[in-house]
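Visitor: Got a predicted structure plus its sequence, pasted below:
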Amino acid sequence: MKNFNGKVLFLDRSDINTDEIIPAKYLNESTKAALKPYCLEDLLLDGFDPKRDVPGHQAVITRANFGCGSSREHAPWVLGENDINVVVAENFARIFRQNMFNCGMLAIELPADTIAEIFDLFGSGETTLETDLEKHTLTLDNGKIVRNYKFNIDPFDAELVKAGGWVAYADSRY
Amino acid sequence: MGKTITQKIFDAHEVDRPAGSVRVLSLDRVFCHEITTPIAINDLCATNRDRVFDCSKIKAVIDHVSPAKDSKTAEQGKTLRDWARRHDIKDFFDVGANGVCHAIFPEKGFVRPGFTVIMGDSHTCTHGAFGAFAAGIGTTDLEVGILKGVCAFKEPETIKVEVTGALREGVYPKDLILTIIRELTVNGATNQVLEFTGSVIDNMDMEGRMTLCNMAIEAGATCGVCYPDAVTVDYLWPFIQSEFATKEAAVEAYSKWRSDADAEYSKVLTIDGNTVEPVATFNYKPDCVKTVRELAGTKVDQVYIGSCTNGRLSDLRVAAQILKGKKIAPTVRAIVSPATPDIFKQALAEGIIQIFMDAGFCVTNPTCGACLGMSNGVLASGEICASTTNRNFAGRMGKGGMVHLMSPATAAATAVAGTIVNSELFKG
């Protein structure tokens, strides 16, 4: 399984689309590794600088409808290439969400009021996230406050994460 | 309780129920293009599984960047081309024979009512216009689809969108779908199918239905769908006439792909077609929609007519009707990209290309390029484009550029005026 723990990058906006996560001009790349420098390059967010803010983070927490737009799997890939394998949001666009689990990555949904609380408590400082896939809990810790949050994961999605993605899962079954 | 058309298609294609609400479906079509397929091909090769489940069910096209603009896009085309040849994929459309995937695949009769279709392209929902379940997916789903002919979906719920009455003169399917997206918002239909019904849909041609279904994804929907009927059969007739004695028999056979009267919907949205008026987007999300009246006077730098949403013959005809005998504004550059070679040829035969050129348009070969800012009409920072495409995300057509989505009629009128304006065809 991939790593689902680490420092959190907070993206305080809804409807972040896949063109913002990885602009189409980089879709001419034929390897995942080549995408790495362009993560979140076109994100519209005040004060955000992808070159400064992406490195050193292993998780993203954001608002609603993350990953809307294009079907490009380059979006989860570019996150993964930057060691970000878990995104926590109110909800996700369907294709992006499926792409995350298909790659053995985690797209975790929490209620809007929980996400709001997380932004209130942790959004302004350095925060680490730990994921317990057995207990279905997230632990957030900023050195002063520690909070645990329970999340739901569909049994099929959990199987994909354990198998390392849909290709390995499908290979074993179909 | 009755079933929706989508539930019926799921029932007919289910091969496994691995867990929860997930159903693994067999696939009738796996469509491929040169942007999202090569990485799947490379992975299949790297893992010694360079096989395809059924070469007759896989269709492939080079469309996003055509002809190749640089070494990297040339490499992507080559990967797809070599793979299609290696696996005897006969329906591969290379440069010269190629068109925008969601225009050329329907034109070739590849989609039938009741089919399941996937493609590594979010606008695959277009093909629901034929009464099919067609969904955009990522490269991993595509890879498994190519290899095994299956794909997993959580069974979606359905939102019924009933459009009553009739559209007024000068109001087009693009105006209708933008109006629907404004109502639903950009994630109002996530994990749902949008089922389009009502008198407006019944009286709409296949090209209009494709425009509607094409933008279902912009409300987050998995697929848009229309019931197959006599209009569908007329469109498909050259491809299905050996299967049916009469068109009526085909309509009867396809009538099983309709929702039951007592089917369950998560929501019903009713729109009076007579109240819809020409609209366009503002800002950077497709649910930011205002009437053209409200946006009138907005200056634009470029006009683009084309794409899987609005690059079909009926779109070019409407635009040409407005452009005939006129010139585009001196402050504007305008580009038209007929979506397939057949559309291009027909537009030439009808004198439509002449009209575009006389008006001052640049006419390009069929390609997706400009819509996603990859080629053939990329914007500079600060520029504004009036476009018949489907996404107005920040930087979509070029970093720092802005896009107003609209119908071909409004785009043509805007090209002439230099600012967003209602077409003279609108009798509001």
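Guide: All right, it came through fine. Numbers count the residues shown, from 1 in each chain, chains lettered A, B, ... in the order given.
Visitor: ranges for the strands of chain A?
Guide: Secondary structure of chain A (DSSP state E): strands at A:6-11, A:59-62, A:86-89, A:106-109, A:128-132, A:137-141, A:146-150.
Visitor: Give the pairing partners of the fourth one; include direction for each.
Guide: Just to be clear, that refers to strand A:106-109. Paired strands of strand A:106-109, with direction, are strand A:86-89 (parallel) (DSSP bridges).
Visitor: Quick one: distance of the strand it pairs with to the chain centre.
Guide: The chain centre lies 4 Å from the centre of strand A:86-89; the measure is CA atoms, centre = their mean, to the nearest Å.
Visitor: In that strand, which residues are buried?
Guide: Residues of strand A:86-89 classed as buried by neighbour count (16 or more other CB atoms under 10 Å in any protein chain shown): A:Val86, A:Val87, A:Val88, A:Ala89. Backbone N, C-alpha and C define where each C-beta goes, glycine included.
Visitor: what pairs with the first one across the strands?
Guide: Read it as A:Val86. Bridge pairing for A:Val86 - DSSP bridges - gives A:Ala59, A:Leu106.
Visitor: my guess is it meets A:Leu106, correct?
Guide: Yes: between A:Val86 and A:Leu106 a contact is recorded at 4.2 Å, counting by CB atoms under 8 Å.
Visitor: so where do the helices sit in chain A?
Guide: Per DSSP state H, chain A carries helices over the ranges A:18-21, A:50-53, A:74-81, A:94-102, A:112-122, A:155-163, A:166-173.
Visitor: could you dump the strands of chain A to CSV with mean pLDDT and distance to B:Asn390?
Guide: Below are the strands of chain A laid out as CSV (pLDDT from 0 to 100; distance: least, CB to CB, whole Å):
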stretch, mean pLDDT, distance to B:Asn390
strand A:6-11, 98, 24
strand A:59-62, 98, 24
strand A:86-89, 98, 24
strand A:106-109, 98, 24
strand A:128-132, 97, 35
strand A:137-141, 98, 35
strand A:146-150, 98, 36
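Visitor: center of chain A, which residue is that?
Guide: In chain A, the C-alpha nearest the mean C-alpha coordinate belongs to A:Val87, at 2.2 Å (CA atoms, centre = their mean).
Visitor: neighbours of the residue nearest to it when sequence neighbours are not counted, just the number please.
Guide: Once flanking residues are discounted, A:Val87 sits nearest to A:Val60: 4.5 Å by CB to CB, 6 or more residues apart in numbering or on different chains. Using other CB atoms under 10 Å in any protein chain shown, A:Val60 has 24 other residues around it.
Visitor: so who does A:Val60 touch?
Guide: Going by CB atoms under 8 Å, 6 or more residues apart in numbering or on different chains, A:Val60 touches A:Val8, A:Leu9, A:Phe10, A:Leu11, A:Phe66, A:Leu79, A:Ile84, A:Val86, A:Val87, A:Val88.
Visitor: next one: B:Cys151
Guide: B:Val24, B:Leu25, B:Leu27, B:Thr116, B:Ile118, B:Ala135, B:Ile137, B:Asp141, B:Val144, B:Gly145.
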